[in-house]
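[1] here is my input, please return the structure:
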Amino acid sequence: MDTPKAASHGWRGILVGRDLLVTNLSKAIGDGESTLVWKDPWLSMDEPLRPVGPMQEIHQDLCIADLLCRRTTEWNIPKILSILPQHLPEIFLIKPSVTGATDSYVWLASKSEMYSAKSGYYAATAVEADPPLLRKSYHPKLSLVSKTFRSLILSTELVHARFHHKTQEPFFSICLQLPDRPRPSWFTLWVQPDQVEKKKATFVQVPSSSYAPRVPLLIRAVGSDVYALRQGYPPSTVMLVRNRENFLWSKAPNMTVARVNPAACVLDGKIYVLGGCCEAAAKSCWGEVFDTKTRTWETLPDPGGELRFSSVIKKLEIIGGKVYVTSNEGEEDSVYDPKTRKWEAIDWQL
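    Sure thing, here's the model as predicted:
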């Protein structure tokens, strides 16, 4: 709200104070119960950042507590990847309270995070820093220059560099399902260089990789490392890995065969991956195990045609040092013993 020309000196002071709070307050996450994901500033302790869209209507009143694992107060990685994948790096730097403390506001203009008249004065009189040299609104046009430029704009390295240099920018985007295209397309606003002051913008389509459907990940943790398997089509052999304290993914050794929606579990520092492969590959490698210490894959023995099935595995879990596999029909349930390397049929549902 602009200050009315006839506003009194006191009212003008109140509005200046309001603007000062808006630009210098952020939420420190405790239990996450009182902080709204899309409406409160909570993504950074350096500036009041909120997530940028697109936002689904069912998530508009989501609170931070909904992104936490209820028992451990750690971040719920799969849920974040499904709702806020673009903000995973910032979120992982935030440490929620382990004691159940409530959320609180912090004053960003002071190292103590507490407001003082001195810090308020300096914040009010500070000169605004120079903006980034290349704004995101120019990315759509720049991506048309060459394939090299396009790859750079869509690279994760640029995202990480912006994060480290604190040059992230909120931007407006919209997803449209056009009648002549098989999948939705993302569009954003592009401001021509000579129209910046007039605030005139053109609606342009963003580079394709940034509006392609995001591939969901199946996450499994081993010690201080987090491993991820690609889900969905097309089939993939890719497995990613990163340290819990780092938000940068790197490629781990590929699986032996390409899989779609495989099941995975962890036992004794090893990741067991089953199912999701084509019928031809299933006969030789329906299941395999990854040793995180030696970083090598080993094919599991074939359970046989009676126990091996092509449908999605309903449940895969560890009980008593053995791997139990549950099928949707319940007629092909089995158990694998890593010590004897043998499969056995079971006739009860887990």
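[2] C-alpha only now, for contacts and for neighbours.
    Fine.
[3] domain ranges for this structure?
    Dividing the chain into domains by automatic domain parsing, as the record does, gives the ranges 9-125, 136-210, 217-345.
[4] as CSV, the ones you listed with mean neighbour count and mean pLDDT would be great.
    CSV is the format used below for the domains of the chain (neighbours: other Cα atoms under 10 Å; pLDDT from 0 to 100):
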stretch, mean neighbour count, mean pLDDT
domain 9-125, 16, 81
domain 136-210, 14, 63
domain 217-345, 17, 86
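[5] how about the nearest residue to Thr296, chain neighbours excluded?
    What sits nearest to Thr296 in space, not counting adjacent residues and going by Cα to Cα, 6 or more residues apart in numbering, is Phe290, at 5.7 Å.
[6] that neighbour contacts Ile271, doesn't it?
    Yes - if you go by Cα atoms under 8 Å, Phe290 and Ile271 touch, sitting 5.0 Å apart.
[7] state the three-state secondary structure for Thr188.
    What DSSP: H, G, I helix; E, B strand; the rest coil gives for Thr188 is strand.
[8] ok, now Leu20?
    Here Leu20 is helix, with the state taken from three-state DSSP.
[9] give me every residue that touches Val98.
    Contacts for Val98 were tallied using Cα atoms under 8 Å, 6 or more residues apart in numbering; they are 30, 72-73.
[10] whoops, Pro262 was the one
    For Pro262, the contacting residues are 231, 273-277, 312-313, by Cα under 8 Å, 6+ apart.
[11] also Arg295?
    By Cα under 8 Å, 6+ apart, the neighbours of Arg295 are 252-253.
[12] do you know how far it is from Ile271?
    Distance, Arg295 to Ile271, by Cα to Cα, to the nearest Å: 11 Å.
[13] just Asp180 next, same as before
    For Asp180 relative to Ile271 (Cα to Cα), the value is 44 Å.
[14] check Thr188 too.
    41 Å.
[15] likewise for Ser26?
    Counting by Cα to Cα, the gap from Ser26 to Ile271 is 40 Å.
[16] again with Asp46
    Counting by Cα to Cα - Asp46 and Ile271 are separated by 38 Å.
[17] ditto for Asp337
    With Cα to Cα as the criterion, Asp337 and Ile271 are 14 Å apart.
[18] next one: Val257
    Distance of Val257 to Ile271, computed by Cα to Cα: 15 Å.
[19] same deal with Ala281?
    Counting by Cα to Cα - Ala281 and Ile271 are separated by 19 Å.
[20] and Pro301, what does it touch?
    Applying Cα under 8 Å, 6+ apart to Pro301 gives the contacts 285, 287, 341-342.
[21] again but with Val312, I slipped
    261-262, 275-276, 327-328.
[22] helix or strand: which one has it?
    Here Val312 is covered by no helix or strand, with elements defined by DSSP states H and E.
[23] all the strands of the stretch 201-350 of the chain, in order from the start?
    Along the stretch 201-350 of the chain, counting by DSSP state E, counting those that start in this stretch, strands occupy 201-205, 217-222, 225-230, 239-243, 250-251, 263-267, 270-274, 287-291, 296-299, 315-319, 322-326, 334-337, 342-345.
[24] can you put these in TSV and add distance to Pro89?
    Output for the strands of the stretch 201-350 of the chain, formatted as TSV (distance: least, Cα to Cα, whole Å):
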stretch	distance to Pro89
strand 201-205	25
strand 217-222	16
strand 225-230	14
strand 239-243	12
strand 250-251	14
strand 263-267	25
strand 270-274	25
strand 287-291	26
strand 296-299	28
strand 315-319	29
strand 322-326	33
strand 334-337	37
strand 342-345	41
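[25] go through those and name the closest to His59.
    Closest of those to His59 is strand 217-222, at 20.3 Å (criterion: Cα to Cα).
[26] sheet partners, orientation included, of that closest one?
    strand 225-230 (antiparallel) (DSSP bridges).
[27] now do the helices in the stretch 51-200 of the chain.
    Under the criterion DSSP state H, counting those that start in this stretch, the stretch 51-200 of the chain contains helices at 77-83, 88-92, 117-125, 139-142, 147-154, 156-164.
[28] and Trp343, how far is that from Pro301?
    In this view, Trp343 and Pro301 are 8 Å apart by Cα to Cα.
[29] wait, I meant Phe309
    14 Å.
[30] cool, Cys63 as well?
    For Cys63, the distance to Pro301 - Cα to Cα - is 46 Å.
[31] try Thr237
    For Thr237, the distance to Pro301 - Cα to Cα - is 19 Å.
[32] dump stretch 225-236 to CSV, keeping only the CA atoms.
    The C-alpha trace of stretch 225-236 is given here as CSV (Å, rounded to 0.1, in the frame of the first residue of the first chain):
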residue,chain,number,x,y,z
ASP,A,225,24.3,-41.1,2.7
VAL,A,226,21.0,-40.9,0.8
TYR,A,227,20.4,-43.0,-2.3
ALA,A,228,17.6,-42.4,-4.9
LEU,A,229,16.2,-44.5,-7.7
ARG,A,230,14.3,-43.0,-10.5
GLN,A,231,10.6,-44.0,-10.7
GLY,A,232,8.3,-44.0,-13.7
TYR,A,233,8.9,-44.3,-17.4
PRO,A,234,11.1,-44.8,-19.3
PRO,A,235,12.9,-47.6,-17.5
SER,A,236,16.2,-46.5,-16.0
